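Asker: Fold the following and give me the result.
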Amino acid sequence: MSVPTPHNTAKKEDIAAKVYMPGDPLRAKYIAENFLENARCVNEVRGMYAFTGTYKGEPVTIMGSGMGMPSIGIYSYELFNFYDVESIIRIGSAGAYADNLNLGDIVVAQGACTDSNFMRQYELPGTFAPIADFGLLESAVASSRNAGIPVHVGNVVSSDIFYDAQPDANDKWKRMGVLAVEMETAALYANAIYAGKKALGLFTISDHLYKGEKLSAEERQTGFNNMIKVALDIHA
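Answerer: Below you'll find the predicted structure:
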């Protein structure tokens, strides 16, 4: 497929080699306006805004991914394979399982379990375990230390289901040491690995599934600055 694609009207030169993907396109707009220099909108198909500018002199693109693995699966695949993107760093929200996590804490996904059939396309003779690029992971930890912002590193689960009919599903993932649940990262990691590229997922805890706490919609959109600062200083 050539560019532009049905989902992205940007020209190839409009997209940087390093892309950050929040789920919410309005969060992409917020990041571009508050953290980038000379940011310009390069895509707005289906309201999925993408902005390209510079951060500390480095060209970067911020683009929304939408919700769920089918959505980020499309956008990240096109970025890796049609736009020559080398690394995608997901910056999103997650619901906490672990007792030591609190609202606003940052989780870095070393691996991403999933209940999705996304991996079926590869026809592997077993269960594939999607993991982050170690270089990006190592850089994220270093960035957090330099900024004095603690992070939790471990497993997350990327779920296709927001309203689960199985009442004990969360308990089962928690028992296996999974830190938090979100909806996109397993597909992103799989696309990156299949394309020979790099990916990492960072999350701010927006709600705790066992403590009954949650951030407001406004806090979800604009209250993730610590995570954004850590992410933007990652060296791809």
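Asker: In contact with residue 195: list those residues for me.
Answerer: Applying CB atoms under 8 Å, 6 or more residues apart in numbering, we find residue 195 in contact with 77, 80, 81. Using the backbone N, CA and C atoms, a C-beta is placed for each residue, glycine as well.
Asker: Over to residue 67?
Answerer: Residue 67 makes contacts with 23, 183, 184, as judged by CB under 8 Å, 6+ apart.
Asker: Would you mind confirming that the first one makes contact with residue 63?
Answerer: Think residue 23. No. If you go by CB atoms under 8 Å, residue 23 and residue 63 don't touch, sitting 10.7 Å apart.
Asker: On the three-state scheme, residue 88 is what?
Answerer: Three-state secondary structure (criterion: DSSP: H, G, I helix; E, B strand; the rest coil) places residue 88 in strand.
Asker: mind listing what it touches?
Answerer: Contacts for residue 88 (CB under 8 Å, 6+ apart) come out as 19, 20, 21, 76, 79, 80, 188, 192, 197, 198, 199.
Asker: Would you mind measuring from it to residue 225?
Answerer: Counting by CB to CB, to the nearest Å, the gap from residue 88 to residue 225 is 20 Å.
Asker: check contacts around residue 25.
Answerer: Taking CB under 8 Å, 6+ apart as the definition of contact, the neighbours of residue 25 are 47, 48, 49, 63, 64, 66.
Asker: Just the buried residues of the residues you listed.
Answerer: Buried members of the contacts of residue 25, counted by 16 or more other CB atoms under 10 Å: 48, 49, 63, 64, 66.
Asker: Just the pLDDT for the closest residue to residue 15 other than its chain neighbours.
Answerer: Taking CB to CB, 6 or more residues apart in numbering, and ignoring the residues beside it in sequence, residue 15 has residue 83 as its nearest neighbour in space, at 4.5 Å. The predicted structure scores residue 83 at 97 on the pLDDT scale.
Asker: So the residue nearest to residue 116 when sequence neighbours are not counted: helix, strand or coil?
Answerer: Leaving aside its sequence neighbours, residue 116 sits nearest to residue 160 (CB to CB, 6+ apart; 4.8 Å). Three-state assignment for residue 160 (three-state DSSP): coil.
Asker: What is the burial count for residue 160?
Answerer: 16 (other CB atoms under 10 Å).
Asker: got it, and residue 189?
Answerer: Neighbours of residue 189 under the rule other CB under 10 Å: 28.
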